[in-house]
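In: My questions are about this predicted structure, shown below with the sequence.
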Amino acid sequence: MRLGIVGRDMRTLFFLLALVSPVSASQFPKGAVASVNPLATQAGVNAMKAGGNAVDAAIATALTLGVVDGHNSGIGGGCFILIHAPDGSITCIDGREMGPAKAHRDMYLINGKLDDEASKTGALAPGVPGALAAYDLALKKHGKLKLADLLRPAADIAEKGFAIDEVYDRKLEAVAAKIRKFPASAAILLKPDGSPWKKGDTLVQKDLALTYRAVAEHGIEWFYKGEFAKKTAEWMAANGGIMTTEDIANYVAKEREPLRTKYRGYDIIGMPPPSSGGLHVAQILGLIEPFPVKHLKLASRTHLLAEAMKLAFADRAHWLGDPDFAKVPRGLISSSYLDSLRTKISLDTVTTVPSHGTPEKPHDDIFGKHTTHLCTANAEGYWVALNQTINTTFGSKVIIPGTGVIMNNEMDDFSVQPGVPNAFKLIGAEANAVAAGKRPLSSMSPTIVLKDGKPLISVGAAGGPTIITQTTLALIAIIDDGMGATDALKQPRLHHQWNPDQLRVEESLGGEVLDSLKATGHQLDVLKQFGACQCITLDPKTGHLEPAHDPRLPGGASGL
């Protein structure tokens, strides 16, 4: 049995909500913010106080997280943004990183041998960052404030510094040895003697403050076509990287068609590929829908969910990739295919899943390569779900000198060699092989749920592939069990990703349930706790708005 918090990749997740109509007797009648850091949550609230809507608040929170939660996310990474507008339209923005033009399938083979560290650390690890372009697009379509209005308060925090919390302390300690390899990173993230800053120390990031202020003054062109791009390309060329000024200048945040499915009469709105999250949340929910989930004993329910997760992740490993490059079948969530998969589930014993399934017309009925342009909306009544990440802790460990920007290591989210596990032990096939201009597969799962056309839930999670299963579990707790956001996030977690064939569970499930799962045939990996989920729910009867951050980690939930 292994105890501890899973924290190798805590992708930053937060949600923001502004009510569709005025609500009385609510703690937060105008809007709410939930994030993994109180300073970032307050930045979102401040944006709404300044006249912004929930989209403005989302971007303010995201930019601030890039300062105070930089081990998870920042403008050196990417994001997915899901926006529900007052008129019912959905804007789905793909700000996922892209492979540089010189990237290719075998770029991590050195003398015929895979260098599995090169995709995780150093100059070959980053993809072209897309977060800032996605923020800018979201604000231009739906925001009331300017990007500069949201950058400057975050820049002030970077310049003045903030107190390191226990999570930042733990993350920094874990990767300090790798950070020492990069002088610009060590100069900011480590003390002069080379030791990591500790809880309670003040972390000052003057270069990042200058970068934020330069973007505020000159726009995102300074980042993508100006000084940042130049400095990044120069560092890459001097350190064995392949990213160029042209790669950065050519980045485009894409609008995609949102993924729409149903579960027990609720409309589930998720991200399409290159997110695997939206599709596989829907697939797991579709597999379990005929079962009386609410009335099953906890051990039987846990077993059922584990078996459904396993089937979904087997499909993920084979079929999922960037739809601009790979044929990702829509049939993975068709009722006929789910019916056939469901026959492989037994409530009495573990079923072996040797490989993926095959839906009808797998190469013809596919997710489209095109992007869609959805209508804008007025300033009030937005729901926003936003996931952002630099991948593993402190990404590539590289800070571009003079910019303060921590670069992602999202190239490891490709199948660096098909069939070879990545940092999260996920296996991918040719659909997710490395290619120039391609976006790596992601587990990020920002999700908005509607009932009778009205938003009621915004939910998602952080923590690598467990993002998908955490999001699913929260939805089940709310929809099947009738819980609010706070109670839903307290429930014990489980995760099965097919490979390795192991069921990860929290010890809070209890000894009796764990013994039952072992007797059923599950190989258990028991942890004290894992993941990080954020959620907002709305009670349609009372109009009460309930934001909640994951009780397993520090965070902030507030509003006005």
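Out: Yep, that arrived.

In: Just give me how far stretch 148-166 sits from the chain centre.
Out: 22 Å (Cα atoms, centre = their mean, to the nearest Å).

In: actually stretch 183-194, not the one I wrote
Out: 28 Å.

In: Now do the end-to-end distance for it.
Out: In stretch 183-194, first residue to last residue: 10 Å (Cα to Cα, to the nearest Å).

In: start to end distance for stretch 235-252?
Out: 22 Å.

In: and if you look at stretch 197-207?
Out: First-to-last distance for stretch 197-207 - Cα to Cα - comes to 18 Å.

In: Likewise for stretch 258-266?
Out: Note: stretch 258-266 ends 15 Å apart using Cα to Cα.

In: what about the spatially most central residue of the chain, distance to Gly270?
Out: Note on the chain: the residue nearest the mean C-alpha position is Met444, at 3.3 Å, using Cα atoms, centre = their mean. Separation of Met444 from Gly270 (Cβ to Cβ, to the nearest Å): 10 Å. Yep, even glycine has a C-beta here, placed from its N, CA and C like the rest.

In: Common neighbours of those two, please.
Out: Gly277 (Cβ atoms under 8 Å, 6 or more residues apart in numbering).

In: Give me the average confidence score over the longest helix anywhere in the chain.
Out: Ranked by number of residues, the top helix in the chain under DSSP state H is helix 298-319. The average pLDDT within helix 298-319 is 93.

In: Stretch 453-470 now?
Out: Stretch 453-470 carries an average pLDDT of 90.

In: residue ranges for the strands of the stretch 301-450 of the chain, please.
Out: Here the stretch 301-450 of the chain has its strands, by DSSP state E, counting those that start in this stretch, at 383-389, 447-451.

In: most tightly surrounded among the ones you listed?
Out: strand 383-389 (a mean of 31; mean count of other Cβ atoms under 10 Å).

In: what angle sits between that strand and strand 447-451?
Out: 160 degrees (axes from the mean of the first three to the mean of the last three Cα atoms, to 10 degrees).

In: which strands and helices sit next to strand 383-389?
Out: The contact analysis (3 or more Cβ pairs under 8 Å, 6 or more residues apart in numbering; DSSP states H and E) places strand 383-389 against strand 12-17, helix 54-68, strand 78-84, strand 447-451, strand 454-462.

In: isn't Leu475 right up against Gly270?
Out: No: using Cβ atoms under 8 Å, Leu475 is not in contact with Gly270; the gap is 10.3 Å.

In: what sits in contact with each of the two?
Out: 281, 447.

In: ok, the closest residue to Gly122 other than its chain neighbours - how many residues close by?
Out: Distances taken as Cβ to Cβ, 6 or more residues apart in numbering put Ser396 closest to Gly122, at 6.2 Å, once the chain neighbours are dropped. By other Cβ atoms under 10 Å, 29 other residues sit near Ser396.

In: How far does stretch 276-296 stretch from one end to the other?
Out: 28 Å.

In: Report all helices and strands that the strand or helix carrying Leu285 contacts.
Out: In the assignment (DSSP states H and E), Leu285 maps to helix 277-288. Other helices and strands packing on helix 277-288, by 3+ Cβ pairs under 8 Å, 6+ apart, are strand 259-263, strand 266-270, helix 298-319, helix 335-342, strand 447-451, helix 466-479.

In: So which of these is the most surrounded?
Out: When those are scored by mean count of other Cβ under 10 Å, the highest mean neighbour count falls to helix 466-479 (a mean of 26).

In: packing partners for that one?
Out: helix 277-288, helix 298-319, strand 447-451, strand 454-462, helix 485-490, strand 494-495, strand 532-538.

In: Check the offset of the shortest one from the chain's centre.
Out: Taking Cα atoms, centre = their mean, one finds strand 494-495 lying 17 Å from the centre of the chain it belongs to.

In: Just after it, pick out the following helix or strand.
Out: Downstream of strand 494-495 (by DSSP H and E), the next one is strand 503-506.

In: which residues are contacting the helix or strand following that following strand?
Out: Downstream of strand 503-506, the first helix or strand assigned by DSSP H and E is helix 511-520. Contacts to helix 511-520, defined as Cβ under 8 Å, 6+ apart, come from residues 298-299, 302-303, 306, 348-350, 503, 505, 507, 524, 526.

In: cutoff 10 Å now
Out: By Cβ atoms under 10 Å, 6 or more residues apart in numbering, the list of residues contacting helix 511-520 from outside reads 1, 297-303, 306-307, 346-350, 492, 494, 503, 505-507, 509-510, 522-524, 526.

In: Could you tell me the end-to-end distance of stretch 319-337?
Out: Start-to-end, stretch 319-337 (Cα to Cα) is 14 Å.

In: Kindly report the same for stretch 260-268.
Out: Start-to-end span of stretch 260-268 (Cα to Cα) is 6 Å.

In: Against which helices or strands is the longest helix of the chain packed?
Out: helix 277-288, helix 335-342, helix 466-479, strand 494-495, strand 503-506, helix 511-520 (3 or more Cβ pairs under 10 Å, 6 or more residues apart in numbering; DSSP states H and E).

In: Show me the contact partners of the fourth one.
Out: Contact with strand 494-495 is made by 6, 301-303, 305-306, 309, 313, 463-470, 472-473, 502-506, 509, 513, 517, 522, 524-525, 527, 530-531, as judged by Cβ under 10 Å, 6+ apart.

In: and stretch 535-552, which residues are buried?
Out: In terms of neighbour count (16 or more other Cβ atoms under 10 Å), stretch 535-552 has its buried residues at 535-538, 543-550, 552.

In: I meant stretch 71-90, not that one.
Out: Buried-residue list, stretch 71-90, by 16+ other Cβ under 10 Å: 71-86, 90.

In: Distance check, the residue nearest to Gly122 against Asp550.
Out: For Ser396 relative to Asp550 (Cβ to Cβ), the value is 26 Å.

In: Please apply the same query to Gln523.
Out: Separation of Gln523 from Asp550 (Cβ to Cβ): 26 Å.

In: same thing with Phe291?
Out: Counting by Cβ to Cβ - Phe291 and Asp550 are separated by 27 Å.

In: and the strands of the stretch 301-450 of the chain as CSV, adding distance to Gly277?
Out: CSV is the format used below for the strands of the stretch 301-450 of the chain (distance: least, Cβ to Cβ, whole Å):
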stretch, distance to Gly277
strand 383-389, 8
strand 447-451, 8
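
In: ok, back up a step: for the helices and strands packed on strand 383-389, could you give me JSON lines that also reports distance to Trp197?
Out: Output for these, formatted as JSON lines (distance: least, Cβ to Cβ, whole Å):
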{"stretch": "strand 12-17", "distance to Trp197": "20"}
{"stretch": "helix 54-68", "distance to Trp197": "13"}
{"stretch": "strand 78-84", "distance to Trp197": "26"}
{"stretch": "strand 447-451", "distance to Trp197": "35"}
{"stretch": "strand 454-462", "distance to Trp197": "22"}
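
In: Point out the most buried one among those.
Out: Among those, ranked by average contacts under mean count of other Cβ under 10 Å, first place goes to strand 12-17 (a mean of 33).

In: Compute the number of surrounding residues for the closest residue to Leu190 other than its chain neighbours.
Out: Nearest residue to Leu190, sequence neighbours excluded (Cβ to Cβ, 6+ apart): Pro196, at 5.6 Å. When neighbours are defined as other Cβ under 10 Å, Pro196 has 22 of them.

In: Quick check, Pro196 in contact with Ser185.
Out: No: the criterion here is Cβ atoms under 10 Å, and Pro196 misses it with Ser185 at 11.4 Å.

In: which residues are common contacts for these two?
Out: By Cβ under 10 Å, 6+ apart, the residues touching both Pro196 and Ser185 are 175, 179.

In: show me the contacts for Glu166.
Out: For Glu166, counting by Cβ under 10 Å, 6+ apart, the contacting residues are 198-200, 553-554.

In: actually Asn409, sorry about that
Out: By Cβ under 10 Å, 6+ apart, the contact list for Asn409 reads 9, 77, 97, 118-122, 124-127, 390-398, 423.
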